[in-house]
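**Q** predicted model and sequence follow; I will ask about them next.
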Amino acid sequence: YLKLYRSDTPSECVPVPLWSLRREIALARARCPVTLVEINQLLEFMLPAGGGVTYPWIRQETDLTGEAYRRRKRGIEHNFGNRVRRFKFRSRLSQDPRDVEEFHREYYLPHLSSRHGELALFGRSLAQLQKAVTSGFLLQVWWGERWVSGMVVERLRAERLHPLAVGLHPSCLQSWQNGALAAAYYFLFRWARENGVRIVDLGGSPPNRMDGLFH
């Protein structure tokens, strides 16, 4: 939140007893231009009146038949499509358990660790990914003879896809701007359109434009 509001105020954590919450919020409002309170919905009655309500997580869904997506298709093709063609990326689908195991070990976990550090402990397990490909697939992105990135996609319903895990090979981490990771999303959306899928469900993310998934 400090980064989001471009604040250089040092942060500190101080325990606040529940019975003094109203008083602490009032004190914060008196001395701060913006006061944010993240609270369980069951305790909303303790908040003072007059504030705005938002949610720390929102669901990211793209409706391929919707007007918003139709308006963006030309820009997507110009940006990501041109990059895919320039680097001659190609895609391949697999349900082979050995490919999924390699993806989890060599692509997903290293990518997660490089992006999120300690939070990588909360990534998807191999068992989750193996189960997902029984209804979906592993989408591999190839650059010449190299498998450079991939994505495990679940398809529990015919009209809906849910990418569970994405990964970039460690050898590509320094040059990921060439679009090897974005190519996985490009190929996913193209496959979805060609196979009668309506919704691509990208999962949850914080609702701010500085978040990678939201962007």
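**A** Yep, that arrived.
**Q** for Ala28, give me the pLDDT.
**A** On pLDDT, Ala28 comes in at 89.
**Q** which non-adjacent residue is nearest it?
**A** The shortest distance from Ala28 to any residue other than its chain neighbours is 4.6 Å, reached at Thr35 (C-beta to C-beta, 6 or more residues apart in numbering). From N, CA and C alone the C-beta is placed, and that goes for glycine too.
**Q** where does that neighbour land in three-state SS?
**A** coil (DSSP: H, G, I helix; E, B strand; the rest coil).
**Q** my guess is it contacts Ala26, does it?
**A** No: under the criterion of C-beta atoms under 8 Å, Thr35 is not in contact with Ala26, lying 9.4 Å apart.
**Q** looking at these two, which is more packed in?
**A** Thr35 (15 against 11; other C-beta atoms under 10 Å).
**Q** residues touching the residue nearest to Ala28, list them.
**A** 25, 28-29, 51 (C-beta atoms under 8 Å, 6 or more residues apart in numbering).
**Q** any low-confidence regions in the chain?
**A** 118-121, 174-177, 211-215 (pLDDT under 70).
**Q** 50 - rerun?
**A** Within the chain, no range satisfies pLDDT under 50.
**Q** find the nearest non-adjacent residue to Glu38, please.
**A** Glu38 sits nearest to Pro56 (C-beta to C-beta, 6+ apart), 6.2 Å away.
**Q** for the protein, longest helix please?
**A** Secondary structure assigned by DSSP state H gives helix 180-194 as the longest helix of the chain.
**Q** distance from that one to the middle of the chain?
**A** Distance of helix 180-194 from its chain centroid, counting by C-alpha atoms, centre = their mean, to the nearest Å, is 15 Å.
**Q** against Gly136, how distant is Arg155?
**A** 4 Å (C-beta to C-beta, to the nearest Å).
**Q** compare these two (neighbour count), which wins?
**A** Set Arg155 next to Gly136 and count neighbours by other C-beta under 10 Å: Gly136 wins out with 21 against 18.
**Q** from Arg193, how far off is the more buried one?
**A** Distance, Gly136 to Arg193, using C-beta to C-beta: 16 Å.
**Q** and Thr54, by the same measure?
**A** Distance of Thr54 to Arg193, computed by C-beta to C-beta: 32 Å.
**Q** which of the two has more neighbours?
**A** Arg193 (15 against 10).
**Q** returning to what we had before: could you work out the most separated pair of the contacts of Thr35?
**A** Across the contacts of Thr35, the longest distance by C-beta to C-beta is 11.5 Å; it joins Ala28 and Gly51.
**Q** sounds good, over and out.
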